[in-house]
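Asker: sequence isn't available, so here's the structure alone:
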């Protein structure tokens, strides 16, 4: 038996009865996320060594009944697809870990774009490759995010889906679940606005400036444009910070995006 066949068989055995579920529960993904630190960094070396758990969860996602999923409630579908995106992104990294620079001339192009040598963007066709089986079909990360999740009209997903990069909003340490989804998305948004990697208030400069993660530039339309972004952030800011953002003349600028892999091996011990 080949190594790949052995791995797939192990995944099926670990998934067990859950494979028969029309829309699987996500407890298996909790077992994967034990390798995520409280600050969102991932121990990819440990995850690679424990990849049978990840493979088992991917097997559950692949076996999900697409018709049952389509008929499920919005929160069931949204939790499912957020978890699917995050699991598939982890799978892509683990399949190529440790990530190396692409060959010339791609490596030169990536360098000019500010992409580090260990970035997920060094993997060929990062967003477009159909490598992850979900609901009976091979999916790409772009398909899951842009064709399935974003059309559901929930802007907080931009704080929940994780593209395996340092500037990406933190990967949660527990799977998303339909019965607690609203609370979990609120927690993700709160983590975002209280992390100075994603949001900073520059009070001493003229004009006063709100510096935010470039994600809110790329997907600003999902929040209703720049005014919508501002109003959205006010929901999660403390009273003093909210008053600052409301004042006349505050401008929004976007922070440079760090595509470095969100790897504990790169960023060291937990703070």
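Answerer: Perfect, I can see it now. Just so you know, these numbers come straight off a predicted model, no measurement behind them. Residues are numbered from 1 along each chain as shown.
Asker: CA only for contacts and neighbour counts going forward, please
Answerer: OK.
Asker: would you state the helices of the stretch 101-250 of the chain in chain order?
Answerer: If DSSP state H, counting those that start in this stretch is used as the criterion, the helices of the stretch 101-250 of the chain fall at 106-112, 141-142, 181-193, 215-218, 225-234, 239-246.
Asker: distance to residue 57, mean pLDDT and mean neighbour count for those - can I get that in a markdown table?
Answerer: Below are the helices of the stretch 101-250 of the chain laid out as a markdown table (distance: least, C-alpha to C-alpha, whole Å; pLDDT from 0 to 100; neighbours: other C-alpha atoms under 10 Å):
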| stretch | distance to residue 57 | mean pLDDT | mean neighbour count |
| --- | --- | --- | --- |
| helix 106-112 | 32 | 74 | 14 |
| helix 141-142 | 17 | 98 | 19 |
| helix 181-193 | 19 | 98 | 18 |
| helix 215-218 | 28 | 98 | 17 |
| helix 225-234 | 33 | 95 | 16 |
| helix 239-246 | 41 | 95 | 14 |
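Asker: so for residue 30, which of those sits nearest?
Answerer: In terms of C-alpha to C-alpha, the element of those nearest to residue 30 is helix 181-193, at 14.2 Å.
Asker: show me what that closest one is packed up against.
Answerer: Helix 181-193 makes packing contacts with no helix or strand when contacts are defined by 3 or more C-alpha pairs under 8 Å, 6 or more residues apart in numbering; DSSP states H and E.
Asker: and that helix, how far out from the chain middle?
Answerer: Going by C-alpha atoms, centre = their mean, to the nearest Å, the spacing between the C-alpha centre of helix 181-193 and its chain's C-alpha centre is 13 Å.
Asker: compute the inter-axis angle for that helix and helix 225-234.
Answerer: With axes from the mean of the first three to the mean of the last three C-alpha atoms, to 10 degrees as the basis, helix 181-193 and helix 225-234 are set at 100 degrees to each other.
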